[in-house]
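**Q** Show me how the following folds:
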Amino acid sequence: MNDTAPLDLARLRRSCSQCSLQQLCLPAGISGPELERLDDIVRRRRTIGRGERLFRIGDALSSVYVARDGAFKTVSLSEDGEEQVLGFHLAGELIGLDALGEGVHRCEAIALGDANVCEVPFDQLTDIATQLPGLQHQLLRVIGHSLNRDHDHMGMLVRRQANERIALFLHGLTERFRQIGQSPIAFKLPMSREDVARYLGLALETVSRGFTRLQEDAVISVHGRRVEILNGEELVRLAHGVEADQTSRARRAR
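**A** Predicted coordinates:
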């Protein structure tokens, strides 16, 4: 008779509640032994300091990463060395999928603050995914979310009005916070306004004025990096190009 230690499934779920397993297996109905097997391939859990890089442009794809806490930005560099912010990654979101196509990273991932990161060897992850249909489905779903965010970013950049870009950015964040189990109504921005400006293709002053206007219109409340959504319906309207004063006039005309 084998004296096998009982599987502490609760411990595994706690340890992975803010890691890759949050998206990759907990919603997939994976059994206890399968969850333990997936947890075992996480090669390294380490602390990343603010400004530290997970990978650089040209590095080969060896692992994907997930912040158990903290957040990251991915950036490319212009010929004169200026940063262009390509995306932001919250706790529980996979980082490093940019290298799937060519096998090398086309951007850098930089910690926005101190973070605890799980490193998952990509070849082992894909091997296990082929054996666990539920995990494979979740992995494809996560990749799809990443592609959707890239598409949304392009949609922001083609908007003519700065207020539309800012509203669409904030609305997108509310949905992402909801997906990772955090409050979509009140949250702290992990990125600076300068990073937001670079992400949206706007001047820093324009972003600051945009936040101020949204606060004056009682759409949001802002205290430093802390944001509270006061009127989610209005934020959605603005994100789709309806100015607040136009909305007010329409309401008065009824």
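**Q** quick one: secondary structure of residue 187?
**A** Residue 187 falls in the strand class when you classify it by DSSP: H, G, I helix; E, B strand; the rest coil.
**Q** The chain should start at 42 in everything you say after this.
**A** I'll keep to 42 as the first residue from here, and by that count the last item is residue 228.
**Q** Quick one: the helices in the stretch 192-295 of the chain, in order.
**A** 203-220, 234-241, 245-257, 273-280, 285-294 (DSSP state H, counting those that start in this stretch).
**Q** export those to TSV and tack on mean pLDDT?
**A** Converted to TSV, the helices of the stretch 192-295 of the chain look like this (pLDDT from 0 to 100):
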stretch	mean pLDDT
helix 203-220	91
helix 234-241	95
helix 245-257	96
helix 273-280	93
helix 285-294	47
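**Q** Among those helices, which comes closest to residue 155?
**A** Of all the helices of the stretch 192-295 of the chain, it is helix 234-241 that lies closest to residue 155, at 16.4 Å by Cβ to Cβ. C-beta coordinates here come from the backbone N, C-alpha and C atoms, glycine included.
**Q** Touching the closest one from outside, list them.
**A** In this structure, residues lying in contact with helix 234-241 by Cβ atoms under 8 Å, 6 or more residues apart in numbering are 114, 124-129, 153, 194, 197-198, 203, 206-207, 210, 230, 232, 244-245, 247-249, 252.
**Q** Identify the bridge partners of the most centrally placed residue in the chain.
**A** With distances taken as Cα atoms, centre = their mean, residue 130 lies nearest the centre of the chain, 3.1 Å away. On the basis of DSSP bridges, residue 130 is bridged to residue 113.
**Q** Can you tell me how far it is from residue 106?
**A** Distance, residue 130 to residue 106, by Cβ to Cβ, to the nearest Å: 9 Å.
**Q** Spit out the residues that contact these two alike.
**A** Joint contacts of residue 130 and residue 106 (Cβ under 8 Å, 6+ apart) are 136, 150.
**Q** secondary structure class for residue 132?
**A** With three-state DSSP as the criterion, residue 132 reads coil.
**Q** Burial check on it, number of neighbours?
**A** 23 (other Cβ atoms under 10 Å).
**Q** That one and residue 119, how far apart?
**A** 29 Å.
**Q** Next: residue 173.
**A** For residue 173, the distance to residue 119 - Cβ to Cβ - is 42 Å.
**Q** Between those two, which has more neighbouring residues?
**A** residue 173 (20 against 8).
**Q** The residue nearest to the centre of the chain touches residue 136, doesn't it?
**A** Yes - counting by Cβ atoms under 8 Å, residue 130 does reach residue 136; the two are 4.8 Å apart.
**Q** Now do the shared contacts for those two.
**A** 108, 113, 115, 150.
**Q** For the last one, which residues are in contact?
**A** Okay, so that is residue 150. 94, 95, 96, 106, 113, 114, 115, 130, 136, 137.
**Q** export the helices of the stretch 192-295 of the chain to CSV and tack on distance to residue 266 and mean neighbour count?
**A** Converted to CSV, the helices of the stretch 192-295 of the chain look like this (distance: least, Cβ to Cβ, whole Å; neighbours: other Cβ atoms under 10 Å):
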stretch, distance to residue 266, mean neighbour count
helix 203-220, 12, 20
helix 234-241, 8, 19
helix 245-257, 11, 17
helix 273-280, 18, 18
helix 285-294, 23, 11
